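Q: dropping a prediction and its sequence here:
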Amino acid sequence: MSVAAIQWIEIVVAVLLTTAVLMQVRGSAGTLFGQAESTFRSRRGVERALFRGTIVLAALFVIVASISISGLVNN
């Protein structure tokens, strides 16, 4: 796989990861960044899937970034 293709994959994963993180933020009164809740509650349904998807995207980003770095060093 070419270095350019790996870099494009890295960009797409970064955008998806950023979107997933921003979707998890619970704001009040329409603000983008909300305050932390003081009570604990478990994640359910879509919120749980989004949380797990964010973890997968973060791991994928680290893997692709490592491949990208090793590819740039070898060339």
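A: On my side now, so go ahead.

Q: could you list every helix and strand in contact with the helix or strand hosting residue 12?
A: For residue 12, the element it lies in under DSSP states H and E is helix 3-24. When contacts are defined as 3 or more C-beta pairs under 8 Å, 6 or more residues apart in numbering; DSSP states H and E, helix 3-24 packs onto helix 46-74. C-beta: built from backbone N, CA, C; applies to glycine.

Q: the helix it packs on - contacts with which helices or strands?
A: helix 3-24.

Q: which parts of the helix it packs on are buried?
A: Going by neighbour count (16 or more other C-beta atoms under 10 Å), the buried part of helix 3-24 is 6, 9-10, 13, 17, 20.

Q: what's near enough to touch the residue nearest to residue 67 when sequence neighbours are not counted?
A: Nearest non-adjacent residue to residue 67, counting by C-beta to C-beta, 6 or more residues apart in numbering: residue 6, 5.8 Å away. With contact set as C-beta atoms under 8 Å, 6 or more residues apart in numbering, residue 6 has these partners: 64, 67-68, 71.

Q: if we can go back for a sec, format the buried residues of helix 3-24 as CSV; extra columns: distance to residue 49 and pLDDT.
A: Shown next, in CSV, are the buried residues of helix 3-24 (distance: C-beta to C-beta, whole Å; pLDDT from 0 to 100):
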residue, distance to residue 49, pLDDT
6, 27, 89
9, 22, 93
10, 23, 93
13, 18, 95
17, 15, 95
20, 10, 91
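
Q: can you redo those residues as a markdown table with distance to residue 54?
A: Listed next are those as a markdown table, based on distance: C-beta to C-beta, whole Å:
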| residue | distance to residue 54 |
| --- | --- |
| 6 | 22 |
| 9 | 18 |
| 10 | 17 |
| 13 | 12 |
| 17 | 7 |
| 20 | 4 |
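
Q: nearest to residue 58 among those residues?
A: Among the buried residues of helix 3-24, residue 17 lies closest to residue 58 (C-beta to C-beta), at 6.1 Å.

Q: contacting residues around the residue most central in space within the chain?
A: The centroid of the chain falls nearest to residue 17 when counting by C-alpha atoms, centre = their mean (2.1 Å). The contact partners of residue 17, taken as C-beta under 8 Å, 6+ apart, are 54, 57-58, 61.
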